[in-house]
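K.L.:
Sequence and computational prediction follow.
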Amino acid sequence: MSSGTAPIKVSHDTDELVSHAAHFLHLSKKQIVEDAVHDYVERHRDEINQGVRAALAQLDGSTQADVSLLTGFSAEEIESLGGID
């Protein structure tokens, strides 16, 4: 993973929560957000893995499978729209 930083946008209310938590826990806002995201992903790891497995199961290496996964259209819907050359 990259060790650089990237800006994220959150609502004003969320920013206030992060600011208060950082202040009272004597941590940086960055550390609060990093810890929160890591905790969230860990709590939802099974759901994330199921989604990854479902996506991989749909891919067969064809362009149609890629388009179907990205759009949510079935093979029949793609054909009805003109198909893929």
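P.N.:
Arrived safely, thanks for sending. Numbers count the residues shown, from 1 in each chain.
K.L.:
Next SSE downstream of the helix or strand of the chain at the bottom of the mean pLDDT ranking?
P.N.:
Lowest on mean pLDDT, DSSP states H and E among the helices and strands of the chain sits helix 63-71, with a mean of 85. Once the chain leaves helix 63-71, the next helix or strand it forms, by DSSP states H and E, is helix 75-80.
K.L.:
Run through who's touching that next one.
P.N.:
Helix 75-80 is contacted by residues Gln64, Val67, Ser68, Thr71, Ile84 when judged by Cβ atoms under 8 Å, 6 or more residues apart in numbering. Where C-beta positions appear, they are placed from N, C-alpha and C, glycine not excepted.
K.L.:
Over to stretch 46-53?
P.N.:
Val41.
K.L.:
model confidence over that stretch, on average?
P.N.:
On average, the pLDDT along stretch 46-53 is 93.
K.L.:
tell me how far that stretch is from the chain's mean position?
P.N.:
Distance, stretch centre to chain centre, for stretch 46-53: 11 Å (Cα atoms, centre = their mean, to the nearest Å).
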